[in-house]
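Enquirer: Please work out how this folds:
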Amino acid sequence: MKKVLLFCALSAVYAACGSSAEQQVVTDAAEASVAAEEVVPARLIHSEDVQTLAIGSQAPDFSLPGIDGKTYSLQDFNDSKALAVIFTCNHCPTAQAYEDRMIQLAKDYKHKGVALVAVSPNDPLAVRLDELGYSDMNDTFEEMQQRAKDKGYNFLYLYDGETQAMSAAYGPVATPHAFVFDQDRKLQYAGRLDASEKPGSANAEDLRRALDAVLAGRAVPEATTKTFGCSVKWSGKRGDNVKTEEKWAAEAAGLELIDKDAIRRLVTSKSENLRLINVWATWCGPCVSEFPDFVDMSRMYGGREFELITISADKPEKKDKVLKFLNDKNAAASTNYLFSEEDKYALIEAIDPDWQGALPYTILLKPNGEKVYAKQGTIDPHEMKKAIVEQLGRYY
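Expert: As a prediction, the model looks like this:
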């Protein structure tokens with residue numbers, strides 16, 4: 001009821017606003033306020049508060065939303081001879097390295113009486129942007145749906161990022177972390193899928209042995225193993241995320257003038273990095289609205305062989321205005337330029353002869369200078385991130 005009243009109140013303000021910009025601010029505030037209420041957990045969970053479930057323990061019950069829109073509990077799998085719960089996530093490179101193995105395992109055990117359930121334990125608000133360098137997405141429920149679609153998951157994928165109650169009861173220490181229960185839902189195995197992270201080098205042998213033993217009514221030869229991967233992002237880590245954002249906000253953005261010859265060298269010379277170049281202007285509405293997405297990308301991939309370069313098409317005398325905008329948007333992690341010449345057609349030709357001149361304009365260049373992406377107009381942030389990760393790679 002509080003959410004409804006809050007949204008109605010903000011909607012009334014929205015109706016009274018005169019400009020579209022003011023309307024957008026109020027709409028965004030309403031959506032953010034409702035979203036914030038929905039994700040606040042009853043208590044913050046810290047890693048030291050969590051213990052991994054002991055072998056022989058009864059499977060704790062749960063009630064979690066699946067990406068198919070349904071809600072699932074332990075009882076939904078009563079007909080299965082064995083239950084395999086794998087805690088995994090979208091962003092972790094190790095988790096991504098095991099996706100194809102999980103898909104194949106689900107296919108191989110589909111008719112053997114095994115229910116395979118993947119659970120994302122991470123609180124998305126506890127994941128820093130610079131921890132997303134091997135992915136095109138965070139661990140939100142909506143992004144889980146997108147990742148499952150992109151990869152063609154053939155197993156259930158449940159979201160526990162809101163309260164993490166189920167995850168705290170089971171106690172995964174990393175993603176991925178597998179738990180195998182027998183028909184009485186007693187834990188018979190907890191640990192890794194296999195001993196080799198590199199895709200194509202293993203086939204979830206440890207998990208398969210555990211499942212085969214449970215299906216045959218035998219004890220699992222090695223009931224527990226260590227598991228390698230990204231730590232679970234418990235909600236207690238939110239404070240670290242906030243401090244990181246505050247540190248970034250305090251950093252000053254730089255801005256240099258650049259002429260057409262320097263731009264031409266910039267886009268044609270070899271580099272150690274994948275280069276994302278965005279041409280924009282403070283007077284360009286679409287440029288301004290999408291600029292925060294580029295800032296996020298600079299934070300996400302800045303720890304890898306990647307650089308974001310922004311080039312403002314504002315007039316040179318607008319340097320102070322451009323720099324203020326960059327600082328307002330926390331663009332300290334990118335290399336920022338202002339075109340120093342009046343001839344905008346020289347800018348167009350220097351950036352890319354294929355560019356027709358409309359702003360914004362974005363290109364992605366390999367270290368050898370090869371253009372792998374170009375877009376006149378606003379980008380699709382998800383597609384842009386996918387293009388970047390396809391070049392950088394999803395695994396260590």
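Enquirer: C-alpha from now on. contacts and neighbour counts both.
Expert: Fine.
Enquirer: Could you list the low-pLDDT ranges of the stretch 51-200 of the chain?
Expert: Applying pLDDT under 70 to the stretch 51-200 of the chain picks out no residues at all.
Enquirer: which stretches of it form strands?
Expert: 63-65, 71-73, 82-87, 114-120, 156-159, 174-175, 177-181, 187-191 (DSSP state E, counting those that start in this stretch).
Enquirer: Compare these and give me the one nearest residue 366.
Expert: strand 174-175 (30.8 Å; C-alpha to C-alpha).
Enquirer: For that closest one, name the packing helices and strands.
Expert: strand 230-231 (3 or more C-alpha pairs under 8 Å, 6 or more residues apart in numbering; DSSP states H and E).
Enquirer: chain center to the strand it packs on: distance?
Expert: 14 Å (C-alpha atoms, centre = their mean, to the nearest Å).
Enquirer: my read: residue 51 touches residue 171, true?
Expert: Yes - assessed by C-alpha atoms under 8 Å, residue 51 is found in contact with residue 171 at 5.2 Å.
Enquirer: So between these two, which is more surrounded?
Expert: residue 171 (22 against 13; other C-alpha atoms under 10 Å).
Enquirer: Do a quick rundown of the helices in the stretch 51-200 of the chain.
Expert: Along the stretch 51-200 of the chain, counting by DSSP state H, counting those that start in this stretch, helices occupy 93-97, 99-109, 141-151, 165-170.
Enquirer: For residue 134, find the nearest of these.
Expert: Smallest distance to residue 134 across these (C-alpha to C-alpha): 5.8 Å, for helix 93-97.
Enquirer: Name the stretch among the helices of the stretch 51-200 of the chain that sits most buried.
Expert: helix 93-97 (a mean of 22; mean count of other C-alpha atoms under 10 Å).
Enquirer: quick one: contacts of it?
Expert: With contacts defined as C-alpha atoms under 8 Å, 6 or more residues apart in numbering, helix 93-97 is touched by 88-90, 134-135, 175-176, 197-199, 228-230, 394-396.
Enquirer: Could you do stretch 143-162 as well?
Expert: Against stretch 143-162 from outside (C-alpha under 8 Å, 6+ apart): 38-41, 64-67, 89-90, 103, 106-107, 116-124, 137, 139-141, 166-167.
Enquirer: How many neighbouring residues does the residue lying closest to residue 138 once chain neighbours are set aside have?
Expert: Spatial nearest neighbour of residue 138, chain neighbours left out: residue 91 (5.8 Å); criterion: C-alpha to C-alpha, 6 or more residues apart in numbering. By the measure other C-alpha under 10 Å, the count of residues near residue 91 is 25.
Enquirer: Residue 223 now?
Expert: Neighbour tally, residue 223, other C-alpha under 10 Å: 17.
Enquirer: and it, how far is that from residue 210?
Expert: 8 Å (C-alpha to C-alpha, to the nearest Å).
Enquirer: coming back round to it: quick one: the strands of the stretch 51-200 of the chain as JSON lines, columns for distance to residue 390 and mean neighbour count too.
Expert: Listed next are the strands of the stretch 51-200 of the chain as JSON lines, based on distance: least, C-alpha to C-alpha, whole Å; neighbours: other C-alpha atoms under 10 Å:
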{"stretch": "strand 63-65", "distance to residue 390": "30", "mean neighbour count": "18"}
{"stretch": "strand 71-73", "distance to residue 390": "33", "mean neighbour count": "14"}
{"stretch": "strand 82-87", "distance to residue 390": "25", "mean neighbour count": "25"}
{"stretch": "strand 114-120", "distance to residue 390": "23", "mean neighbour count": "24"}
{"stretch": "strand 156-159", "distance to residue 390": "24", "mean neighbour count": "24"}
{"stretch": "strand 174-175", "distance to residue 390": "21", "mean neighbour count": "27"}
{"stretch": "strand 177-181", "distance to residue 390": "26", "mean neighbour count": "26"}
{"stretch": "strand 187-191", "distance to residue 390": "30", "mean neighbour count": "26"}
